[in-house]
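K.L.:
I would like to see how this sequence folds:
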Amino acid sequence: MEQPTFFTEFLLVIVVATWVAVIFDRLRLPAVLGFLLAGLVIGPQGFSLLSSTENIHHLAEMGVVLLMFTIGLEFSVDHLRGVKNIAIWGGSLQILISIGLSLLFTLWSSLTLYQGFVLGSVIALSSTALVLKYLIDRGEVGTEHGRIAISILIFQDLAILPLMIFTSGLSLSTDQLAQNLFFAFLKTSGLILFVIVFSRYVLPHLLRQIAMSRSREIFFLTSIVICLGMAWVSGQLGLSFAVGAFIAGFMFANTDYKSQIMGDVIPFRHVFVSIFFVSIGLLFDIHFAIEHILTVVTVFSFVLFINFVLMSLLIVAFGYPPRVALAAGIMLSQIGEFSFLIIESARNAQGIDEYLYQLLLSVAFMTLLITPFLFSLVPVVLRISENIPFFGLPPRNWKKSKLEKNIALKNHYIICGFGKAGEDLAMTLKEEKVPFLIIEMNPQKVKKAKKLRMKAIYGDAANEEVIKRAGIKKAKALIVSYVDPFGVGQMIRISQGLNEDAEIVVRTRYERDVAKLYDLGADTVIIEEWQSSYELNRIILSQLEISEKKINHHLDRIQSRKELLVEEAILKKDTEGF
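P.N.:
Numbering: from 1, shown residues only. Modelled structure (predicted):
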């Protein structure tokens, strides 16, 4: 009977998650909110449709394992380029300071030092699942605040290893703890060595042999076996199953077969996410939260405040503009999914009582519940901070004299962003001896531009002070070479206010944003969606045995669609102007 019961409860979770996703989509609310509330309603504290605590824990653990595998698949070392310092040193300081503040808190409370350590460890970890999903859905993975948030999250996920070791070992004697740490170090080192050897010398050859069979079933099953196998090995070594699954995903992500595995596994992402967040709702005791509402709300507020302020200050301290720091600080202010592993570990080690266990669960649940609303504050904060002097400047450039030396230009082009598109344009202008200046927020890219003997300043192009120092009043054009859904409007407004004769060229990902950008005042909008469509048709049509006339007919149709879209947007802008 055990197996059918588990299957029934698993099916119930999937059915409820599906209905919740549909309802919350109609209400234009984040589905994650619905998943959390659905778990609360059907769980032991609700209608008790799910009453087996053991099965609930299995669902939660399975959801985390599968979810972390998909996150590992999408993880790339490129995410850490230019932000390695803030990821490693900033991430380390953030965790240590969080634990330190919690230990100080024990001096004014009845908590023990061990419980203070657990509290600090729990609040130090943010939600990779929620933040990454938000950034992907909003197309902000490549933004400066997105890259910083991802890099810190990755470090936090890896930090779960030592935190779990200390959580389970601090309740032991000093000799036992030292012995456990020593063996844990050996186990972790052995796992890392195994992963390096296996991923470099075994996995590529294994996948190549399996791929030669041309069987999708065998390839997919092998991927799942390796994922669950790594999770099992990690668990046997005393680490978490989720960390092992993440490592497995990371190993696949660095092979030539990443795309195939992603194609097979990623479609199940939403299933994994729904299971995980429903399972968190199942564990939440609403009766405890109501009974101790004052304490829960106090700790909840303390967690959000500490995480936001600490993250923001650390990011600014590492040389990033306050505008970027505020956005990343908001996104990283909640308690994450790995915190639940620490809470369970501390409970199993009998280091925390039932009261503190339920208190931490309640606070973690509430921070996750409010996170989608906090995310909605990010664009608001970005827009407000854009109007505040120096918020787009790194601390080292808050003195005007340091940047004013760079602005001895006239009739020049201002290139916002030094990614692939910006770099190619800068190289072209340099070869043609056309004056230009680059605004970039990645210090590594600024350094690269200067090595190429190009004029470049570090700062946020959506900040008025930065654009002023780039010489917008004397500039011929402002070119935004990257997609920034929130900042581009401010760049247009600032440019028009300071130099209405400067041509403004911006870039967008979707055609639906064209009318808005022209309405804001852009002179030219580069549409990625249209460019991809045109290029795709051009390449495929050139391979078909059809006449040049027909090829031009199809391409002209696509070109006409773009021209009509632009004309309608400009006509709407002119009409509203009257």
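
K.L.:
C-alpha from now on. contacts and neighbour counts both.
P.N.:
OK.

K.L.:
Helix or strand: which one has the nearest residue to residue 219 once chain neighbours are set aside?
P.N.:
Of all residues not flanking residue 219 in the chain, residue 210 sits nearest, at 6.1 Å (CA to CA, 6 or more residues apart in numbering). Element membership for residue 210 (DSSP states H and E) is helix 203-212.

K.L.:
same question, residue 370
P.N.:
With DSSP H and E as the criterion, the answer for residue 370 is helix 354-375.

K.L.:
by contact count, what packs against that helix?
P.N.:
With contacts defined as 3 or more CA pairs under 8 Å, 6 or more residues apart in numbering; DSSP states H and E, helix 354-375 has these neighbours: helix 31-42, helix 269-283, helix 286-291, helix 293-317, helix 322-331, helix 339-348.

K.L.:
what comes into contact with the helix or strand hosting residue 537?
P.N.:
Under the criterion of DSSP H and E, residue 537 resides in helix 528-543. Outside of helix 528-543, the residues within contact range by CA atoms under 8 Å, 6 or more residues apart in numbering are 507, 508, 509, 510, 511, 551, 554, 555, 558, 559, 562.

K.L.:
just the residues you listed: which has the poorest pLDDT?
P.N.:
Across the contacts of helix 528-543, no position has a lower pLDDT than residue 562, which has 69.

K.L.:
State the pLDDT value of residue 286.
P.N.:
Reported pLDDT for residue 286: 86.

K.L.:
separation between it and residue 364?
P.N.:
Taking CA to CA, to the nearest Å as the measure, residue 286 falls 13 Å from residue 364.

K.L.:
now residue 90
P.N.:
In terms of CA to CA, residue 90 sits 23 Å off from residue 364.

K.L.:
same thing with residue 522?
P.N.:
44 Å.

K.L.:
related to what we said a few turns ago, correct me, but the residue nearest to residue 219 touches residue 217?
P.N.:
No - here residue 210 does not reach residue 217: they are 10.2 Å apart, not a contact under CA atoms under 8 Å.

K.L.:
of those two, who's got more company?
P.N.:
The residue with more neighbours, out of residue 210 and residue 217, is residue 210; 16 against 10, by other CA atoms under 10 Å.

K.L.:
Give me the neighbour count for residue 469.
P.N.:
19.

K.L.:
and if you look at residue 122?
P.N.:
28.

K.L.:
same question, the one 5 residues further on
P.N.:
Under the neighbour criterion other CA under 10 Å, residue 127 is assigned a count of 23.

K.L.:
quick one: it and residue 364 touch, right?
P.N.:
No - counting by CA under 8 Å, residue 127 does not reach residue 364; the two are 10.2 Å apart.

K.L.:
Identify the contacts common to the two.
P.N.:
Contacts common to residue 127 and residue 364, judged by CA under 8 Å, 6+ apart, are 334, 335, 336.

K.L.:
coming back round to it: and residue 286 and residue 364? Which one has more around it.
P.N.:
Using other CA under 10 Å, the more surrounded residue of residue 286 and residue 364 is residue 364, with 25 against 17.

K.L.:
Relative to residue 102, how far out is that one?
P.N.:
Taken as CA to CA, the span from residue 364 to residue 102 is 16 Å.

K.L.:
Low-confidence stretches in the stretch 351-500 of the chain?
P.N.:
Applying pLDDT under 70 to the stretch 351-500 of the chain picks out residues 386-408, 485-486.

K.L.:
rerun that using 80 as the cut-off
P.N.:
For the stretch 351-500 of the chain, applying pLDDT under 80 flags the ranges 382-409, 441-444, 458-460, 462-465, 483-487, 489-490.

K.L.:
Let me see the ranges of the helices in it.
P.N.:
For the stretch 351-500 of the chain, applying DSSP state H, counting those that start in this stretch gives helices covering 354-375, 377-386, 401-404, 420-431, 443-451, 464-469, 487-498.

K.L.:
any idea how far the fifth one is from the chain center?
P.N.:
Centroid separation between helix 443-451 and its chain, computed with CA atoms, centre = their mean, to the nearest Å, is 25 Å.

K.L.:
can you pull the buried residues of that helix?
P.N.:
Using 16 or more other CA atoms under 10 Å as the test for burial, helix 443-451 gives 443, 445, 446, 447, 449.

K.L.:
roughly how far apart are the last one and residue 24?
P.N.:
Same thing as residue 449. Taking CA to CA, one finds residue 449 at 46 Å from residue 24.
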